[in-house]
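**Q** Got a sequence here, can you build the structure:
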Amino acid sequence: MPGPLSHLTVLDLSRVMAGPWAGQLLADMGADVIKVERPGVGDDTRGWGPPFLKSEDGSETRESGYYLSVNRGKRSLTLSIEKPAGQVIVKKLAARADILLENFKVGTLARYGLGYDDLKAVNPRLIYCSITGFGQDGPCAPKVAYDFLIQAMGGLMSITGEADGRPGAGPQKVGIPILDLMTGMYGAVSVLAALANREQTGRGDFIDLAMLDVQTAVLANQAMNYLLSGRTPQRQGNRHPNIMPQDVFKCADGDVVLAVGNDGQYAKMCQALGRPELATDPRYGRNADRVRHKDELMPLIAQIFAGWKRSDLVEAMERAGVPCGPINSVAEVFEEPQVKHRGMRFDLPHPNSGQVPQVKNPINFKDARLRYERAPPLLGQHSDEILREIGLSDGEIADLRGSGVV
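**A** Here you go, the predicted model:
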């Protein structure tokens with residue numbers, strides 16, 4: 001069964017993470033994603049290691065773990081878009097494509113004759129998604145941005161980390177490039193929405209997607225808390241700003257996360273702990289009251305949990321229907337029985353290493369399938385194949401390679 005997007009072609013001119021993440025999502029759902037890379041160098045992330053994938057003889061390849069995490073399912077074409085011959089090839093590819101992804105600095109592709117208006121003239125049905133740090137206009141538009149900078153500028157680091165006055169206090173970035181990933185998700189959603197609209201209008205569209213806009217949008221409840229109250233949210237460590245009790249607690253032999261989500265779960269927790277009076281206490285019975293009295297309640301819970309073995313506590317909470325669990329390392333995640341059951345880790349054949357590990361797309365269709373047929377490509381692995389598809393002869397391809405275009 002083909003993937004649900006197997007009828008689509010994506011021209012992916014992006015690199016690093018946000019654009020490639022969007023491209024990988026589309027590839028997993030069956031789209032033919034052509035990844036355009038610089039000859040001899042490729043995507044910056046190819047060199048963002050160690051670790052690097054090891055070949056079958058034990059030597060390191062040029063594929064970093066970073067690169068391998070976001071480029072599954074694509075075909076790689078090396079192409080110098082700074083050269084006129086390269087620009088001609090991009091236009092030929094765009095004429096056949098449904099979607100174009102790019103994350104160059106504002107105005108760069110237009111200078112090469114590859115901006116939206118240029119390619120719209122070649123293909124009016126093309127959906128052109130431009131991903132930048134700050135958007136196509138405004139005082140910051142020309143600036144370069146990376147995930148770390150946007151986490152800082154967009155307020156995420158101000159609400160992530162231990163609270164002031166506690167050990168280890170200070171702003172922290174999230175442990176994954178969350179803004180790149182969220183921007184990639186918004187990118188995939190936006191191009192699919194534009195495709196649905198194209199079915200009605202017959203026309204493509206231009207999508208201006210900015211990482212700082214994404215970060216501002218995904219402040220979500222924290223943004224609304226501020227807008228409603230006028231009070232600036234503060235770092236609270238692992239505590240939730242609106243729901244209590246949610247935090248990391250120490251047991252006698254390790255840490256657990258407790259994530260009580262409503263008054264019913266709180267009452268069940270108290271019963272399971274043998275402390276039903278904490279549920280009937282007027283200071284703690286309702287969530288709003290628990291939030292107001294959190295500085296009294298949380299030390300009480302911490303004192304109770306400290307007397308429990310971690311496995312016994314987790315089991316007691318599970319029996320009571322209260323969300324509670326251990327803090328897994330990344331290694332432990334892949335040993336988690338549920339993660340194994342869902343098949344989240346798998347391998348793909350790779351021309352250099354024999355196999356390359358991958359993490360499954362979490363989307364599961366009932367009547368369609370995701371496509372896992374191609375490992376993240378070697379640099380230029382599919383150049384000849386793609387160029388032949390747009391009508392170039394072997395001689396023409398050899399000439400382009402000789403002149404440094406591919």
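
**Q** For residue 159, which non-adjacent residue is closest in space?
**A** Distance criterion C-beta to C-beta, 6 or more residues apart in numbering; nearest residue to residue 159, sequence neighbours excluded, is residue 233 at 5.1 Å. Bear in mind the C-beta positions are built from the backbone N, C-alpha and C, glycine included.

**Q** Am I right that residue 266 falls within a strand?
**A** No - read with DSSP: H, G, I helix; E, B strand; the rest coil, residue 266 is helix and lies in no strand.

**Q** what's the nearest residue to it once chain neighbours are set aside in contact with, if anything?
**A** Spatial nearest neighbour of residue 266, excluding adjacent residues (C-beta to C-beta, 6+ apart): residue 260 at 5.0 Å. By C-beta atoms under 8 Å, 6 or more residues apart in numbering, the contact set of residue 260 is 243, 244, 245, 246, 266, 269, 322, 323.

**Q** Near the last one, how many other residues are there?
**A** Burial measure for residue 323: 14 neighbouring residues, criterion other C-beta atoms under 10 Å.

**Q** Check the second one too.
**A** Other residues within reach of residue 244 by the criterion other C-beta under 10 Å amount to 22.

**Q** right, and it touches residue 298 too?
**A** Yes - using C-beta atoms under 8 Å, residue 244 is in contact with residue 298, at 7.4 Å.

**Q** ok, back up a step: mind checking the SS state of the residue nearest to residue 159?
**A** coil.

**Q** Pull the residues that contact stretch 384-402.
**A** Contacts of stretch 384-402 (C-beta under 8 Å, 6+ apart): 34, 75, 77, 85, 89, 92, 93, 96, 383, 406.

**Q** Return the subset of the residues you listed lying in strands.
**A** Per DSSP state E, strands hold the following members of the contacts of stretch 384-402: 34, 75, 77.

**Q** Just to check, the residue nearest to residue 159 is in contact with residue 157?
**A** No - Residue 233 is not in contact with residue 157 according to C-beta under 8 Å; the separation is 11.9 Å.

**Q** related to what we said a few turns ago, and the contacts of stretch 384-402, which of them are buried?
**A** Among the contacts of stretch 384-402, those that count as buried by neighbour count (16 or more other C-beta atoms under 10 Å) are 34, 75, 77, 85, 89, 92, 93, 383, 406.

**Q** ok, which pair from those residues is furthest apart?
**A** Farthest apart among those by C-beta to C-beta are 75 and 85. That separation is 19.9 Å.

**Q** so after the helix or strand that contains residue 226, what's the next helix or strand?
**A** Here residue 226, judged by DSSP states H and E, is contained in helix 220-229. With elements assigned by DSSP H and E, the helix or strand that comes after helix 220-229 is strand 246-251.

**Q** got the CA positions of that next one in CSV?
**A** Backbone C-alpha positions of strand 246-251 (Å, rounded to 0.1, in the frame of the first residue of the first chain) are rendered in CSV as follows:
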residue,chain,number,x,y,z
GLN,A,246,3.2,17.8,39.7
ASP,A,247,6.9,17.5,40.4
VAL,A,248,9.9,15.2,40.7
PHE,A,249,10.0,13.5,44.1
LYS,A,250,12.7,11.5,45.8
CYS,A,251,11.9,8.0,47.0
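
**Q** Which positions in that strand come out as buried?
**A** Buried, per 16+ other C-beta under 10 Å, within strand 246-251: 246, 247, 249, 251.

**Q** elements contacting that strand?
**A** strand 254-259, helix 294-305 (3 or more C-beta pairs under 8 Å, 6 or more residues apart in numbering; DSSP states H and E).
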